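Chemist: 3D, please:
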Amino acid sequence: MAKSGARSSDSFIKQRSGSGTILRIKLENFMCHSNLQIEFGEWVNFITGQNGSGKSAILTALCVAFGCRAKGTQRAATLKDFIKTGCSYAVVHVEMKNQGEDAFKPETYGDVIIIERRITESTSSTVLKDNQGKKVCNRKDELRELVEHYNIDVENPCVVMSQDKSREFLHSGNDKDKFKFFFKATLLQQVNDLLKSIYEHLNNATAIVDEMENTIKPIEKEISVLHVKIRNMEQVEEIAQKLQQLKKKLAWSWVYDVDRQLQEQTEKIVKLKERIPTCQAKIDWELSKVESLRDRLTKKKAQVACLMDESTAMKREIESFRNSAKTAAREKIALQEEFHHKCNNVHKIKDRVRRLEQQVGDINEQTMRNTQAEQSEIEEKLKYLEQQIEKVETLLSRLKEEENCLLEKALAGRKEMEHIEYMIRDHQKRQRIINSNISDLKKHQTNKVTAFGGDRVIYLLQAIERHHRRFRKPPIGPIGSHVTLVDGNKWASTVEQALGNILNAFIVTDHKDSLTLRGCANEANYRNLKIIIYDFSRPRLNIPRHMMPQTEHPTIFSVLHSDNPTVLNVLVDVSGVERQVLAENYEVGKAVAFGKRLSNLKEVFTLDGFRMFFRGSVQTTLPSVSRRPTRLCASFGDQIKDLEIEASREQNEINQCMRRKREAEENLEELESKMRTLKKHRSQAENALTTKELEMQDLKNTVAAEMEASSSSSVNELQLEIMKGREEIEEKEALLEKLQNCLKEAELKADELKASFVNLSESAKGEIDAFEEAENELKKIEIDLQSAEAEKIHYENIMKSKVLPDIKGAEANYEELKNKRKESDQKASEICPESETESLGPWDGSTPEQLSAQINRMNQRLNRENQQFSESIDDLRMMYESLERKIAKKRKSYQNQREKLMACKNALDSRWSKFQRNASLLRRQLTWQFNSHLGKKGISGHIKVSYENKTLSIEVKMPQDATSNSVRDTKGLSGGERSFSTLCFALALHEMTEAPFRAMDEFDVFMDAVSRKISLDALVDFAIAQGAQWMFITPHDISMVKSHERIKKQQMAAPRS
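Modeler: Below you'll find the model as predicted:
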């Protein structure tokens, strides 16, 4: 592949004509040269020399010869600065080869073109000469054409890289500078600017066409007006024709309307006559129904009378059996109760006898067991127990008294603690309110407007300022910021209480401004803003004395002041401040409000916060409300100081209450400890008392039992009671047997009566049900009979009062309509024959009234149209056709121009798309070429070009870097590495640009020996392979450059000291 590449390169070199290459440069009095002539080879040229020898002046002269400005060379500000010191002129003479197919006007210039630029102190001129040295042209356009022909852009750094550009290019690390270099070197900048300028020209041309089309719009408007007039005139003619037709239709519509009425009347008569048989049939039906119901009623009455007698006898018998059964049941229940009562008495007597027998046995046993010694011992023990119980009771009463005393103290301590906690909460609440008020006042002190709505007012005012053009008149508000007090701060709080939220309101002049202000409030997140609509043009209201309360006390209106009359008018009209009186205290206010019924008095407000007024005839007094710092005061500083003192006072109160609370908690804890100890002692004493009482009760019971046992007489008495109880039991049991027999007899009797009653009820049920059913049927028949008779009478009345009279009236109307039809037909025939109306179409059912109204409307419209148009329709049509011919050519011309502009725009869009595609391809080509040149030194890299951000970044990866991380900024490389990578970037750009010659000055700056050797080899190989003429200028030694037949080396003379 290398050999084939070399062969293709050789074949290219053989075909190369060398047209456009520089043959010779002569300098006279240019910069440091008095007279210099240097010849160039067609291939690679190296120019070396010491610093100051004038190497860079050669490139500067070359740039000046091809039309570069002085500033573009970066060596001087004006061309006269290139004249050597002490001389009056300078001459740059450049000879350029002009052979081959690419030759520029060879018939005029021949094989060589001479460009000579002469510079003086005042002017400069450029002359183009042929190969004989004869002057051909001195116009700049010819030089520009030559430069464009050979694509020589000396300001392109890829064509001529001067010393300053070389240093700047090699040393710069700015991505935007690299992008500018790339964009200009690849001519993308030139194409981009050209396309944008074409876009601008197209837009200008489109604007011109728009202006030209606007010039014919008045004529088009006139044509449109004429067209409307013609159409209206045509409509007038149509209206006149329709009017004549409608008049003919109206004449015959009276006939047709009568025909319609005759038809309707005929149908009505037929329908009415059809109602006679129907009505008569209903009358006959109801009559037959009445006769049938009367027969059924007679039969049913006889049946009900028979059943009534039978059911009455049966009911009397059933009632008798029911009463007997109830009596037997009551007797049975009485006997059962008496039997149960006697049984209970017997059981009680038996229980008493049993207890008496047991008591007798116990007495006898106890008597045998007890002795005198036991009795004395028991008595001593009883006395001891009584003494112990008395001591314990005394101790227990004392403990209870102490416990009650401590309990009362604890309850008092708890109440005191609750009171102290309530006071602490109350003081803390007041302190929070005071601190909040202090914060608000400090904010109001900074900006008084915030006192009337907070920060939302600031946002609202800012929104009003943004939309001030939308208001007819600027809103006024908040009202409170426009109001001050006349007599200091005395009535500030009372006035604020009276006015309330109206101080936060805004005033606008009309409803539209109100909607705009509401929108601003929503934008500022200020909900529920009060807006008052009031006419700003009204002068300040002058309130007569007799319309105000007749009192020496001030009104709110008298203590208020505002520079804005609209604000005072709103306060008068909306709040009635001229009728609101201020009083010193409650008593004075009550006397003013209710003492005398003052005229024009609305309300009374007192300094201590009361509000008094009449609600109808009822005297109403609203209590004082909590006071807050007033927003209407003259100075917020005094209020802030007073509130801070009050807050400090509240804090002292809180500290004192906290101290009292701690003391109360300690006392309560001590009392509860004592109470727990007393409860423990009381519980022990109660347990001891209960134990002693139980012991004493046991002893007493024992003693009582012994005493009863010692009495023998008591035993005899008990035995007598036992004997009596047994006798009584025998008597009661005999009586119970008798009662039981009576109870059985009563049960049998009650069961028999109940069974008889059930049997009788079942047998009588069928007869009673039959009687009730017959009675219900009788009632139903009577109701049906009444209904049938009413229906018969109803239909008879309809026949007499409605059907027959309606038929007679309809027949009379029919005769009248027939006569009217004859008259209408005769009148219509006089106006026009009926055949003409038939040709206009069938009758659509329109009434004469509708047609008359339609004719009146057409007449009115026809009169209006005739008054509106004075010209004839033929004149209007001629004017319309004349104007149409006048602008038809212009329309077509403008349309053709617009189509051409659109075609140009489409072509330009296509070129812009191709330009962007080529730019993308050049970006990839640049990366490939750059990486190829870096590979000669074993380096790899990548170039990222962003057309959107206008940046170009170079990433280089050195072979010795083991981290595999790329160096994104070339400043991170050494001087030689950076110069070599930048040189590779420049060579990659060179491959993407075309020019007959290229020049580079001090390209190897900042390179070390190794990098310079590699760079020179790369440059030489690239220059020979590319085939263009190259000029390398360097102050360094170039002996390392390999010798070649196409390489020419020249040494500049050393500078004179």
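
Chemist: quick one, helices of the stretch 401-550 of the chain?
Modeler: Read by DSSP state H, counting those that start in this stretch, the stretch 401-550 of the chain holds these helices, from start to end of the chain: 455-466, 492-499, 511-523.

Chemist: which stretches of the stretch 951-1057 of the chain have low pLDDT?
Modeler: Per-residue confidence of the stretch 951-1057 of the chain (counting by pLDDT under 70) places the weak regions at 959-983, 991-992, 1003-1011, 1027, 1056-1057.

Chemist: please work out which of the helices of the stretch 401-550 of the chain is packed deepest.
Modeler: Most buried of these, by mean neighbour count (mean count of other CB atoms under 10 Å): helix 492-499, with a mean of 21. C-beta here means a position set from N, CA and C on the backbone, and glycine is covered the same way.

Chemist: tell me the helices and strands packed up against it.
Modeler: The helices and strands touching helix 492-499, judged by 3 or more CB pairs under 8 Å, 6 or more residues apart in numbering; DSSP states H and E, are helix 556-559, strand 580-583, strand 603-606.

Chemist: format the ones you listed as JSON lines; extra columns: mean neighbour count, distance to residue 194 and mean pLDDT.
Modeler: As requested, the helices and strands packed on helix 492-499 are exported to JSON lines (neighbours: other CB atoms under 10 Å; distance: least, CB to CB, whole Å; pLDDT from 0 to 100):
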{"stretch": "helix 556-559", "mean neighbour count": "20", "distance to residue 194": "79", "mean pLDDT": "87"}
{"stretch": "strand 580-583", "mean neighbour count": "23", "distance to residue 194": "82", "mean pLDDT": "90"}
{"stretch": "strand 603-606", "mean neighbour count": "23", "distance to residue 194": "84", "mean pLDDT": "90"}
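
Chemist: between these, which gets nearest to residue 477?
Modeler: Between residue 477 and these, the shortest gap by CB to CB is with helix 556-559, which sits at 19.0 Å.

Chemist: give me the helices and strands touching that closest one, please.
Modeler: Identification of packing neighbours for helix 556-559 by 3+ CB pairs under 8 Å, 6+ apart yields helix 492-499, strand 580-583.

Chemist: strands along the stretch 601-750 of the chain, start to end?
Modeler: Per DSSP state E, counting those that start in this stretch, the stretch 601-750 of the chain carries strands over the ranges 603-606, 611-615, 618-622.

Chemist: burial measure for residue 988, as a count.
Modeler: Other residues within reach of residue 988 by the criterion other CB atoms under 10 Å amount to 24.

Chemist: wait, it touches residue 923, no?
Modeler: No: between residue 988 and residue 923 there is no contact under CB atoms under 8 Å: 11.1 Å.

Chemist: can you list residues touching both of those two?
Modeler: Shared between the contact lists of residue 988 and residue 923 (criterion: CB atoms under 8 Å, 6 or more residues apart in numbering) are residues residue 943.

Chemist: adding distance to residue 1018 and mean pLDDT, write the helices of the stretch 401-550 of the chain out as TSV.
Modeler: As requested, those are arranged in TSV below (distance: least, CB to CB, whole Å; pLDDT from 0 to 100):
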stretch	distance to residue 1018	mean pLDDT
helix 455-466	65	88
helix 492-499	91	84
helix 511-523	68	91
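
Chemist: sorry, back to before: please identify which of the helices and strands packed on helix 556-559 is closest to residue 505.
Modeler: Shortest distance between residue 505 and the helices and strands packed on helix 556-559, using CB to CB, is found for helix 492-499: 9.6 Å.

Chemist: put the alpha carbons of that closest one into CSV.
Modeler: Provided in CSV are the C-alpha atoms of helix 492-499 (Å, rounded to 0.1, in the frame of the first residue of the first chain):
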residue,chain,number,x,y,z
ALA,A,492,-56.3,56.2,67.2
SER,A,493,-57.5,52.9,68.6
THR,A,494,-61.2,54.0,68.7
VAL,A,495,-61.1,55.2,65.1
GLU,A,496,-59.5,52.0,63.9
GLN,A,497,-62.1,50.0,65.8
ALA,A,498,-64.9,52.0,64.1
LEU,A,499,-63.5,51.8,60.5
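
Chemist: what's residue 100 sitting at in phi/psi?
Modeler: Recorded main-chain torsions at residue 100 are phi 90, psi -170, according to degrees, to the nearest 10.

Chemist: doesn't residue 19 make contact with it?
Modeler: Yes: with contact taken as CB under 8 Å, residue 100 and residue 19 are classed as touching, separated by 4.5 Å.

Chemist: ok, those two, which is more surrounded?
Modeler: A side-by-side neighbour count of residue 100 and residue 19, using other CB under 10 Å, places residue 19 first with 20 against 14.

Chemist: how about the more buried one, what does it touch?
Modeler: If a contact means CB under 8 Å, 6+ apart, then residue 19 has 97, 98, 99, 100, 101, 102, 103, 104, 150, 996 as its contacts.

Chemist: ok, 7 Å please
Modeler: If you count contacts by CB atoms under 7 Å, 6 or more residues apart in numbering, residue 19 has them with 97, 98, 99, 100, 102, 103, 996.

Chemist: secondary structure and distance to residue 498 for those residues - can I get that in a markdown table?
Modeler: What follows is the contacts of residue 19, written out as a markdown table (DSSP: H, G, I helix; E, B strand; the rest coil; distance: CB to CB, whole Å):
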| residue | secondary structure | distance to residue 498 |
| --- | --- | --- |
| 97 | strand | 105 |
| 98 | coil | 104 |
| 99 | coil | 108 |
| 100 | coil | 106 |
| 102 | coil | 101 |
| 103 | coil | 105 |
| 996 | coil | 98 |
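
Chemist: who wins for most neighbours among those residues?
Modeler: So for the contacts of residue 19 (other CB under 10 Å), the most neighbours sit at residue 98, 27 neighbours.

Chemist: do you know how far it is from residue 104?
Modeler: Between residue 98 and residue 104 the distance, using CB to CB, to the nearest Å, works out to 6 Å.

Chemist: now do the shared contacts for the two.
Modeler: Common contact partners of residue 98 and residue 104 (CB under 7 Å, 6+ apart): residue 113.

Chemist: about what we covered before: nearest to residue 67, of the helices and strands packed on helix 556-559?
Modeler: That would be, of these and by CB to CB, helix 492-499, which comes in at 84.0 Å.

Chemist: how far off centre is the closest one?
Modeler: 38 Å (CA atoms, centre = their mean, to the nearest Å).

Chemist: over to residue 537: give its phi and psi.
Modeler: phi -80, psi -10.

Chemist: give me the neighbour count for it.
Modeler: As a burial measure, the neighbour count of residue 537 was computed by other CB under 10 Å and equals 8.

Chemist: number the chain from 129, please
Modeler: In the new count, where the first residue is 129, that last one comes out as residue 665.

Chemist: tell me who's in contact with it.
Modeler: Contacts of residue 665 (CB under 7 Å, 6+ apart): none.

Chemist: tell me the confidence at it?
Modeler: The predicted structure scores residue 665 at 88 on the pLDDT scale.

Chemist: what about it, distance to residue 524?
Modeler: Relative to residue 524, residue 665 is positioned 96 Å away (criterion: CB to CB).

Chemist: picking that back up, which one of the helices and strands packed on helix 620-627 lies nearest to residue 533?
Modeler: Residue 533 lies closest, by CB to CB, to one member of the helices and strands packed on helix 620-627: strand 731-734, at 50.2 Å.

Chemist: strand partners (parallel or antiparallel) of that closest one?
Modeler: For strand 731-734, sheet partners with direction are given as strand 708-711 (parallel), strand 739-743 (antiparallel), following DSSP bridges.
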